[in-house]
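Participant: Starting from these lines, generate the structure:
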Amino acid sequence: MTLRNLPIAFAAAALAAPAFAQENLPIQGGTEKFKLNLGAILNQNDTSVRLEGPGGRGIEFGLEGSNGVKRDTWSTLASGTWRFLPNHRVGFQSFSTRRSNTRTTQQDLVIKDETIPAGTELSTSAKTDFLVFNYQYSLLRDDRVELSAMAGVYGARFKFGFDSTTPPRDIQSNTTAPLPMFGIGLDTFITPRWSFSTFFEGFALKVGDVKGSVSYIGMSTDYMLTRHFGLGVGVSAVHVGADATQDSGSQVKFDWRSNNVFAYGQLRF
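Facilitator: Numbering: from 1, shown residues only. The predicted structure follows:
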């Protein structure tokens, strides 16, 4: 390069610098098309269960207390949104818990018309699959905040198992609690890289033989390390109450509360 070409090179570099800087800025919250979170969640569970057989015999007990399944458990977390129009998004969130334990019962248990006497070595299992789909409409959106109204479907499948050899018992029960939910969410964009989010959803309804209620609240914060990748942490709480009558005539009544702490990696496009 000759000296007379240096001014042209400097001018080209000066013009290209803003475009290069813009390309490497993080995708600011409220402008992304796709957002995907993948991480781990610690669930602290508190479950009250009553399983009645067709004869109506049963006893209500705390699943984590009298039968000793773990109160705390780790699982994977997945959530995301697709912004198909500037003010319109669809989102999802999913996680599962799997807990089991074997313990000698301290009192007689009546589960679905069957009696498990005190002193029995009882294996107990509890599985929960949690899934939420929703539609989000932005009531207010600018470079500082996004306020959204939400409507969607909450689905959770609960499975309980009780097994012993002396006396021989194999009791299984499951129920699904599909409920509509309505709520509101607020995203605050503190800087182009750093955002804070909070939401609340809930509803109560009777659908067929299932009567239930759900409330779901949470908050999180994330920080973008590069244009497309960031890290985040958050907390949430879920409360589900349900009373379901099954085809066999047996009934499942439960009250499930879960307080959660989670961390995730985030992709934005």
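Participant: drop to CA atoms for contacts and neighbour counts, all remaining ones
Facilitator: Fine.
Participant: in the strand or helix carrying residue 154, what's buried?
Facilitator: Using DSSP states H and E, the element containing residue 154 is strand 145-165. If you call a residue buried by 16 or more other Cα atoms under 10 Å, then strand 145-165 has these buried ones: 145-156, 158-160, 162-164.
Participant: Next: stretch 261-269.
Facilitator: Using 16+ other Cα under 10 Å as the test for burial, stretch 261-269 gives 261, 262, 263, 264, 265, 266, 267, 268.
Participant: what's the helix or strand harbouring residue 263 packed up against?
Facilitator: Assigned by DSSP H and E, residue 263 falls within strand 251-268. Judged by 3 or more Cα pairs under 8 Å, 6 or more residues apart in numbering; DSSP states H and E, the packing partners of strand 251-268 are strand 34-52, strand 229-245.
Participant: partners of it, with directions?
Facilitator: Counting by DSSP bridges, the strands paired with strand 251-268 are strand 34-52 (antiparallel), strand 229-245 (antiparallel).
Participant: With mean pLDDT, mean neighbour count and distance to residue 202 added, can I get the helices and strands packed on strand 251-268 in JSON lines?
Facilitator: Output for the helices and strands packed on strand 251-268, formatted as JSON lines (pLDDT from 0 to 100; neighbours: other Cα atoms under 10 Å; distance: least, Cα to Cα, whole Å):
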{"stretch": "strand 34-52", "mean pLDDT": "90", "mean neighbour count": "19", "distance to residue 202": "19"}
{"stretch": "strand 229-245", "mean pLDDT": "90", "mean neighbour count": "19", "distance to residue 202": "9"}
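Participant: Of all these, which one comes closest to residue 176?
Facilitator: Residue 176 sits nearest to strand 229-245 of all the helices and strands packed on strand 251-268, at 8.7 Å, using Cα to Cα.
Participant: Contacts for that closest one, please.
Facilitator: 175, 177, 209-225, 251-268 (Cα atoms under 8 Å, 6 or more residues apart in numbering).
Participant: the inter-axis angle of it versus strand 145-165?
Facilitator: 50 degrees (axes from the mean of the first three to the mean of the last three Cα atoms, to 10 degrees).
Participant: and strand 229-245, C-alpha only, in PDB?
Facilitator: Taking Å, rounded to 0.1, in the frame of the first residue of the first chain, the C-alpha atoms of strand 229-245 are listed here in PDB:
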ATOM      1  CA  PHE A 229     -25.600 -16.200  24.300                       C
ATOM      2  CA  GLY A 230     -26.200 -15.200  27.900                       C
ATOM      3  CA  LEU A 231     -26.600 -16.600  31.400                       C
ATOM      4  CA  GLY A 232     -29.500 -16.300  33.800                       C
ATOM      5  CA  VAL A 233     -30.800 -17.200  37.300                       C
ATOM      6  CA  GLY A 234     -34.300 -17.100  38.800                       C
ATOM      7  CA  VAL A 235     -36.800 -18.300  41.400                       C
ATOM      8  CA  SER A 236     -40.400 -19.500  41.000                       C
ATOM      9  CA  ALA A 237     -43.300 -21.000  43.000                       C
ATOM     10  CA  VAL A 238     -46.100 -23.300  41.800                       C
ATOM     11  CA  HIS A 239     -49.300 -24.300  43.700                       C
ATOM     12  CA  VAL A 240     -51.700 -26.900  42.300                       C
ATOM     13  CA  GLY A 241     -54.800 -28.200  44.100                       C
ATOM     14  CA  ALA A 242     -56.900 -30.900  42.400                       C
ATOM     15  CA  ASP A 243     -59.700 -33.300  43.100                       C
ATOM     16  CA  ALA A 244     -60.200 -35.900  40.400                       C
ATOM     17  CA  THR A 245     -62.600 -38.900  40.100                       C
END
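Participant: Report the beta-bridge partners for residue 131.
Facilitator: Applying DSSP bridges, one finds that residue 131 bridges with residue 94, residue 155.
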